[in-house]
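# Quick one: sequence and predicted model below, then my questions.
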Protein chains: 2
Amino acid sequence: MFDQETGTGARGKSDLRRSYDDRLNNILESATGLIARVGYAKASMRLVAKEAGVSLAGLYHYFDSKEKMLFLIQFRTFSALVLTVQEKLYGIADPVEQLHVMVRAHVAYFAANMAALKVCSHELESLINSAYEETGELRRDYYGLLRAIVDRILDARAPNSKLDRYVATMSLFGTLNWLYRWYDPKRGRSPTTVSHQIASQFLNGVLGVDNGSKQSLNTE
Amino acid sequence: MFDQETGTGARGKSDLRRSYDDRLNNILESATGLIARVGYAKASMRLVAKEAGVSLAGLYHYFDSKEKMLFLIQFRTFSALVLTVQEKLYGIADPVEQLHVMVRAHVAYFAANMAALKVCSHELESLINSAYEETGELRRDYYGLLRAIVDRILDARAPNSKLDRYVATMSLFGTLNWLYRWYDPKRGRSPTTVSHQIASQFLNGVLGVDNGSKQSLNTE
DNA sequence: GAAAACCGAACGTACGTCCGATCGACAAAA
DNA sequence: TTTTGTCGATCGGACGTACGTTCGGTTTTC
């Protein structure tokens, strides 16, 4: 079940493939925007069809159910996000810089794909059973990336900290996944500025925290 | 429009009123649990009726549409949250302690009302137009509470900070509103522990941050 | 001319809401 | 004390609509 093409595999006979893929991407993009705007449940296939300029029946040439459409959107978005972050992380050794890079990459990806990331953040539970678990793998990968960075930072700079690293990691995820509710890069704040502040706050937060090995509120 | 009783006004003729209110609370509680579990769109009135032990038509004796039902849930939950926080804040002068108190109150309220807060966090946009704006007033109140605390903290302890206070406040809201995705107080971590770490991280985050007036990463 | 892309129209279902009737408690009238 | 009347609470059943999906056929592409 749920073995429909996800678009991440390479494939030959490129000419026919090209136009099919282009059209699919096109439709998925329209659907993504619509779902981000009105929510998955209220984004009827009829509306998706209208938005994409296809007939209702024509949609089913590209995926065989509404849920698989959502799955495709989430799977592709999440795969691309994980990939982008991994690429940007490549070759960076300092864990503190890794954190900055990962947060910056996430915020930048959000700024460039607001609708898609909103759908990923907000419509997680609209996927049921097998589809939910399949994207869950990617989410765990993403969590693992951030958690590993947090571990390296704390091991290196606050090894005796009593800080709960799961809580710390999740608190940052909360900040990042909530972006879609308030942050609009078109309204003044640049992604770089915002990501820098988020990463800095987090770093000082976990390093300066009252964790048993020291105490630091050196303000005045 | 949307002037249906919200349950916050006092009222006489208590005996008849009592049983009506009790039943309403009962139904709303069932509905809240169901919506938290399956989402607003998939929580059909038929399911709500079954869950609450009422007939489908009987539901409409207590609210005149599905949306008003959701509005009641959100309005009551949010009102109670704002009230609780304001009460706990009363008489506390030190802004740093105010922050701890507010975060602790929020997490405690979440732990005691997980379904209701999930519905408030997740189904915000399921309310349209007038209803959305009416709860928006409460959300702005709540933002104002936290923002004022952040302002007092920064004015007192880092007045020259270049920190974007809106971003700082929203990053904390993100952490708090994302709780429903991962935090289960029944699984080990106490609300006190979690809220303490969240508040401490945030405090050290905004006070220790590289903001032009100082720099502090005093770890080894 | 085969295969892929696309479509109009329909099917069955599930939804939110409403109508008319019944039930039950309780107070005024007998 | 019984009867009657009122009104809130509750219900079965229906109405109209919108949904996801499918079928059979047409158009387009190479």
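That came through, no problem. Numbers count the residues shown, from 1 in each chain, chains lettered A, B, ... in the order given.
# Do stretch A:25-35 and DNA strand C come into contact?
No. Applying CB under 7 Å from any atom of the strand, one finds stretch A:25-35 separated from DNA strand C by no less than 8.3 Å. Where C-beta positions appear, they are placed from N, C-alpha and C, glycine not excepted.
# Pull out the buried positions in that stretch.
For stretch A:25-35, burial by neighbour count (16 or more other CB atoms under 10 Å in any protein chain shown) applies to A:Ile27, A:Leu28, A:Glu29, A:Ser30, A:Ala31, A:Thr32, A:Gly33, A:Leu34, A:Ile35.
# Export those residues as TSV, with columns for pLDDT, secondary structure and distance to B:Trp182.
Below are these laid out as TSV (pLDDT from 0 to 100; DSSP: H, G, I helix; E, B strand; the rest coil; distance: CB to CB, whole Å):
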residue	pLDDT	secondary structure	distance to B:Trp182
A:Ile27	98	helix	33
A:Leu28	98	helix	28
A:Glu29	98	helix	30
A:Ser30	98	helix	32
A:Ala31	98	helix	28
A:Thr32	98	helix	25
A:Gly33	98	helix	28
A:Leu34	98	helix	28
A:Ile35	98	helix	23
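# Mind picking the two most distant members of these?
A:Ile27 and A:Ile35 (12.2 Å; CB to CB).
# which residues sit in contact with A:His106?
A:Leu81, A:Val85, A:Leu176, A:Ser195 (CB atoms under 8 Å, 6 or more residues apart in numbering or on different chains).
# what's around the last one, how many residues?
Counted with other CB atoms under 10 Å in any protein chain shown, residues neighbouring A:Ser195 total 24.
# excluding its backbone neighbours, what's nearest it?
In this structure, A:Ser195 finds its nearest non-sequential neighbour in A:Val107, 3.8 Å apart by CB to CB, 6 or more residues apart in numbering or on different chains.
# Run a quick neighbour tally on that neighbour.
Neighbour tally, A:Val107, other CB under 10 Å: 24.
# got a list of what it touches?
A:Val107 neighbours (CB under 8 Å, 6+ apart): A:Leu176, A:Leu179, A:Pro191, A:Val194, A:Ser195, A:Ile198.
# Repeat that for A:Asp141.
Here A:Asp141 is in contact with A:Val82 (CB under 8 Å, 6+ apart).
# Do any residues in the helix or strand harbouring it lie close to DNA strand D?
Using DSSP states H and E, the element containing A:Asp141 is helix A:129-157. No. If you take CB under 7 Å from any atom of the strand as the test, helix A:129-157 misses DNA strand D, and the best it gets is 11.7 Å.
# Return the set of buried residues in that helix.
Buried residues in helix A:129-157, defined by neighbour count with 16+ other CB under 10 Å: A:131-132, A:134-135, A:138-139, A:142, A:145-147, A:149-150, A:152-154, A:157.
# hang on, A:Ile35 packs against A:Ser121?
No. Assessed by CB atoms under 8 Å, A:Ile35 is found out of contact with A:Ser121, at 11.9 Å.
# Tell me the confidence at A:Ala10?
We have a pLDDT of 37 for A:Ala10.
# now A:Phe71
Reading off the model, A:Phe71 has pLDDT 97.
# A:Thr135 is in contact with that one, correct?
Yes. Contact criterion CB under 8 Å: A:Phe71 and A:Thr135 qualify, at 7.0 Å.
# Now list whatever residues contact both of the two.
A:Leu127.
# How is chain A partitioned into domains?
Per automatic domain parsing, the domain ranges recorded for chain A read A:12-62, A:65-208.
# so which strand or helix has A:Ser195?
helix A:191-208.
# Could you name the helices and strands sitting against whatever helix or strand A:Arg18 lives in?
Applying DSSP H and E as the criterion places A:Arg18 in helix A:14-38. Secondary-structure packing of helix A:14-38 (3 or more CB pairs under 8 Å, 6 or more residues apart in numbering or on different chains; DSSP states H and E): helix A:45-52, helix A:66-89, helix A:114-122.
# buried set for the first one?
Taking 16+ other CB under 10 Å as the basis for neighbour counts, the residues of helix A:45-52 that come out buried are A:Leu47, A:Val48, A:Ala49, A:Glu51, A:Ala52.
# and whichever helix or strand comes after it, does that touch DNA strand C?
Sequence-wise, the next helix or strand downstream of helix A:45-52 (DSSP H and E) is helix A:56-59. Yes. Using CB under 7 Å from any atom of the strand, helix A:56-59 reaches DNA strand C at A:Leu56, A:Ala57, A:Gly58.
# now the helix holding A:Asp141: how far from the chain's centre is it?
Computed by CA atoms, centre = their mean, to the nearest Å, the chain-centroid distance of helix A:129-157 equals 12 Å.
# what angle do that helix and helix A:114-122 make?
With axes from the mean of the first three to the mean of the last three CA atoms, to 10 degrees applied, the angle from helix A:129-157 to helix A:114-122 works out at 90 degrees.
# what about the next helix or strand after helix A:129-157, near chain B?
Downstream of helix A:129-157, the first helix or strand assigned by DSSP H and E is helix A:165-177. Yes. Contact of helix A:165-177 with chain B (CB under 8 Å from any CB of the partner chain) involves A:Val167, A:Ala168, A:Met170, A:Ser171, A:Leu172, A:Phe173, A:Gly174, A:Thr175, A:Leu176, A:Asn177.
# Return the residues of chain A in contact with DNA strand C.
A:Leu16, A:Ser19, A:Tyr20, A:Arg23, A:Val54, A:Ser55, A:Leu56, A:Ala57, A:Gly58, A:His61.
# In JSON lines, list those residues along with pLDDT and distance to A:Tyr183.
JSON lines is the format used below for the residues of chain A next to DNA strand C (pLDDT from 0 to 100; distance: CB to CB, whole Å):
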{"residue": "A:Leu16", "pLDDT": "59", "distance to A:Tyr183": "40"}
{"residue": "A:Ser19", "pLDDT": "87", "distance to A:Tyr183": "36"}
{"residue": "A:Tyr20", "pLDDT": "91", "distance to A:Tyr183": "35"}
{"residue": "A:Arg23", "pLDDT": "95", "distance to A:Tyr183": "32"}
{"residue": "A:Val54", "pLDDT": "96", "distance to A:Tyr183": "32"}
{"residue": "A:Ser55", "pLDDT": "97", "distance to A:Tyr183": "37"}
{"residue": "A:Leu56", "pLDDT": "98", "distance to A:Tyr183": "35"}
{"residue": "A:Ala57", "pLDDT": "97", "distance to A:Tyr183": "38"}
{"residue": "A:Gly58", "pLDDT": "97", "distance to A:Tyr183": "35"}
{"residue": "A:His61", "pLDDT": "97", "distance to A:Tyr183": "36"}
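# In chain A, which residue sits nearest DNA strand C?
A:Ala57 (2.7 Å; CB to the nearest atom of the strand).
# I'd like to know how many residues surround that residue.
So A:Ala57, with other CB under 10 Å, has 9 neighbours.
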